[in-house]
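> Give me coordinates for this.
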Amino acid sequence: MNRAADRAGKRGLNPREPGKQIRLTWVSLDVWSALKTSVLMGIASGALAVLATLAAWTFLTQAGIFTQADTLLAGLTSTGVLRSMSSLMNADHLWNVCAGVGLLTLLGCTVLGVLGALAYHIAATGSAGALRIGFRTPPASPAASGPPQRNESLS
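Sure, this is the predicted structure:
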């Protein structure tokens, strides 16, 4: 056996096994592409956050949580410093909260995605490191490798 086969055998790869071995090396990452992808992911996450906020508000309103909080606040504070929860959680205020949650989610996803891509780019190019991915394709089936065989027994 030659040296390459010895090394492949030590890694658990059998060079005589059918199929093709593929190794990919991911050296650098384009930060601009990561920014665009992060923005799209942020938009999707922001839309989900807005829908989750609307669903939570609808559930809490239908369950009567806000009215129970009003009675609890009225019993705790007699000075009237705190307004009622119902007046704070009206529909106009809800849309402002939803917009804020959506924007924060969009900005958070974008910033974290770009910082992660930038950190990987600096680490991979600065230290001559890379992410190496290897896999083996499945072997070709014997029927697909040759011309189709005619079955003589049926003719």
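> Flag the shaky bits of the chain, pLDDT-wise.
The chain contains residues with pLDDT under 70 at 1-19, 77-88, 126-131, 139-155.
> how about the strands of it, start to end?
With DSSP state E as the criterion, the chain has strands at 21-26, 131-136.
> how about these, which one is nearest residue 60?
Closest approach to residue 60 among the strands of the chain is made by strand 131-136 (44.7 Å; C-beta to C-beta). For every residue, glycine as well, the C-beta is placed using N, CA and C.
> what lines up beside the closest one in the sheet?
Strand 131-136 pairs in its sheet with strand 21-26 (antiparallel), by DSSP bridges.
> For the protein, give the helix that spans the most residues.
helix 91-126 (DSSP state H).
> what's that one packed up against?
Helix 91-126 sits against helix 31-63, with contacts defined as 3 or more C-beta pairs under 8 Å, 6 or more residues apart in numbering; DSSP states H and E.
> which strands and helices sit next to the helix it packs on?
Judged by 3+ C-beta pairs under 8 Å, 6+ apart, helix 31-63 is in contact with helix 91-126.
> cutoff 10 Å now
Here helix 31-63 touches helix 65-76, helix 91-126, going by 3 or more C-beta pairs under 10 Å, 6 or more residues apart in numbering; DSSP states H and E.
> what angle separates the shortest one from helix 31-63?
Orientation note: helix 65-76 sits at an angle of 70 degrees relative to helix 31-63 (axes from the mean of the first three to the mean of the last three C-alpha atoms, to 10 degrees).
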